[in-house]
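1. missing the sequence, but the structure's below:
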């Protein structure tokens with residue numbers, strides 16, 4: 001018996017989604033006599049909580065989203081802290097690994113390298129071309145540090161867009177999840193993959209701009225070399241954003257006292273370092289002064305001859321993390337290596353001895369995290385600042401993304417912390433305030449875009465901050481329940 005269902009963009013479902021009012025109630029006699037929305041919401045929440053494993057919860061929510069998007073997003077908004085780790089990290093990693101097993105119905109677009117030469121006609125199969133505003137595109141080659149999962153990486157695009165709908169109020173039908181299939185099982189593409197891939201991507205980006213003229217494209221979880229290559233190749237030609245490279249280095253503190261150590265020098269590590277360096281220079285440091293505050297570690301040890309190359313050391317290679325910490329004396333240690341438990345007890349204790357309020361941020365999925373929360377607390381006597389989840393979901397990409405806009409989003413996030421949240425040393429604002437925070441950050445990013453002259457809605461320039469914030473809030477979609 002097959003469990004693959006009819007595509008959700010079939011006429012009946014699309015007509016229901018297009019309706020400007022909530023779905024109609026069942027006719028008398030076709031449903032229980034008591035079917036109030038509040039009761040049904042509690043029922044769905046109870047069903048969700050009855051699932052034993054995170055993956056079972058994920059499967060339940062996926063089915064609910066396809067059947068009743070309003071109910072799905074209502075549950076998300078009312079239970080953000082509980083549901084966010086299910087619909088995205090860390091659970092989405094396991095969901096992607098088992099995507100071919102839990103797959104039930106099409107959700108998004110799959111563009112294969114075999115479609116080269118006809119990508120435009122494939123894109124036209126998307127039923128709501130005029131309403132599309134944001135696409136999250138992956139090729140599945142570096143899914144959350146789990147390796148190349150191919151088209152199983154679609155779960156990343158789907159999950160990230162679910163966060164944007166719930167957190168930023170983007171309309172569900174304005175989102176387009178896309179997974180690119182570069183044909184890694186086809187010999188002719190393996191033999192000359194680089195040339196074929198560039199031609200494919202050139203066509204894909206061009207046809208996307210034609211099919212979706214108002215669309216922002218976000219690249220997600222591409223392999224390190226391709227992530228940088230595509231960003232640099234297309235960022236000045238199309239509205240483009242790379243989550244892994246541009247959206248993670250987002251905090252503010254006095255600059256001159258900081259020495260940031262990145263454990264992991266892949267696309268995420270180098271991307272965050274580059275964004276942090278840009279932030280430092282925008283705050284008044286020279287490029288050299290900014291560079292002197294950043295160190296990266298790869299599989300060979302502390303880097304001196306690539307990426308953020310340095311001239312301040314001529315000794316033997318430094319490979320042991322404890323030795324690196326003693327040499328660098330970092331004020332913050334960021335883990336982007338996918339090496340589970342790499343932050344051993346000695347390293348954590350050394351960091352704690354150097355810093356009265358230690359910031360250590362393992363930024364990979366839980367099972368690949370460089371240290372656990374328990375280890376962090378134990379080996380620092382509770383002085384560790386440890387994020388529950390480091391994700392860019394607070395900071396939503398705009399239509400044309402410049403470095404100054406990314407910095408504006410980070411500053412907006414930092415300024416969103418209330419006095420109460422600061423008093424208890426929260427690193428991020430409480431997620432229950434996500435819509436409020438998202439609106440404030442959007443306002444800050446709009447102002448940065450206006451200042452840079454890349455804003456498209458020039459009529460917003462005359463608005464006061466209060467008017468602009470009200471405008472942003474008025475554009476947020478909410479479930480009709």
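-> Received the coordinates, thanks. What you are looking at is a predicted structure, and each value in this text was computed from that prediction instead of being measured.
2. which residues of the stretch 251-400 of the chain score low on pLDDT?
-> Applying pLDDT under 70 to the stretch 251-400 of the chain flags residues 251-256, 304-315, 356-368, 382-400.
3. show me where it has its helices.
-> 267-282, 287-291, 321-328, 345-354, 373-380 (DSSP state H, counting those that start in this stretch).
4. gap between the residue lying closest to residue 455 once chain neighbours are set aside and residue 300?
-> Distances taken as C-beta to C-beta, 6 or more residues apart in numbering place residue 449 nearest to residue 455, at 4.3 Å, with adjacent residues excluded. All C-beta spots, glycine's among them, are computed from the backbone N, C-alpha and C. According to C-beta to C-beta, to the nearest Å, residue 449 and residue 300 sit 40 Å apart.
5. between the two, which one's more packed in?
-> Legend: neighbour count by other C-beta atoms under 10 Å for residue 449 and residue 300, higher for residue 449 (22 against 13).
6. quick revisit: and among the helices of the stretch 251-400 of the chain, the most buried is which?
-> Burial of the helices of the stretch 251-400 of the chain is given as mean neighbour count (mean count of other C-beta atoms under 10 Å); helix 267-282 ranks first at a mean of 22.
7. which strands or helices does that helix pack on?
-> helix 224-234, helix 243-246, strand 260-263, helix 287-291, strand 294-298, helix 403-415 (3 or more C-beta pairs under 8 Å, 6 or more residues apart in numbering; DSSP states H and E).
8. distance from stretch 226-243 to the middle of the chain?
-> A distance of 15 Å separates the centroid of the chain from that of stretch 226-243, by C-alpha atoms, centre = their mean, to the nearest Å.
9. could you redo the helices of the stretch 251-400 of the chain as TSV and give each row distance to residue 162?
-> Formatted as TSV, the helices of the stretch 251-400 of the chain follow (distance: least, C-beta to C-beta, whole Å):
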stretch	distance to residue 162
helix 267-282	21
helix 287-291	36
helix 321-328	36
helix 345-354	34
helix 373-380	25
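10. ok, which of those helices comes nearest residue 53?
-> Across the helices of the stretch 251-400 of the chain, the minimum distance to residue 53, taken as C-beta to C-beta, is reached by helix 373-380, at 20.2 Å.
11. helices or strands up against the closest one?
-> Short answer (3+ C-beta pairs under 8 Å, 6+ apart): helix 373-380 packs on helix 345-354.
12. and the angle from the helix it packs on to helix 373-380?
-> If you take axes from the mean of the first three to the mean of the last three C-alpha atoms, to 10 degrees, helix 345-354 sits at 60 degrees to helix 373-380.
13. tell me which residues touch residue 139, please.
-> Applying C-beta atoms under 8 Å, 6 or more residues apart in numbering, we find residue 139 in contact with 153, 179-182, 222-223, 226.
14. and those, which is closest to residue 163?
-> For those, the nearest to residue 163 is residue 153 (16.1 Å; C-beta to C-beta).
15. so what's the residue count around the spatially closest residue to residue 431 that is not a sequence neighbour?
-> Using C-beta to C-beta, 6+ apart and skipping the chain neighbours, the partner closest in space to residue 431 is residue 80 (4.6 Å). Using other C-beta under 10 Å, residue 80 has 20 other residues around it.
16. any idea which element residue 161 lies in?
-> helix 154-168 (DSSP states H and E).
17. how about that helix: buried residues?
-> With burial defined by 16 or more other C-beta atoms under 10 Å, the residues of helix 154-168 counted as buried are 154-168.
18. pretty sure residue 329 is touching residue 259, no?
-> Yes. Counting by C-beta atoms under 8 Å, residue 329 sits close enough to residue 259 to count as a contact (6.2 Å).
19. who has more neighbours, these two?
-> Legend: neighbour count by other C-beta under 10 Å for residue 329 and residue 259, higher for residue 259 (15 against 12).
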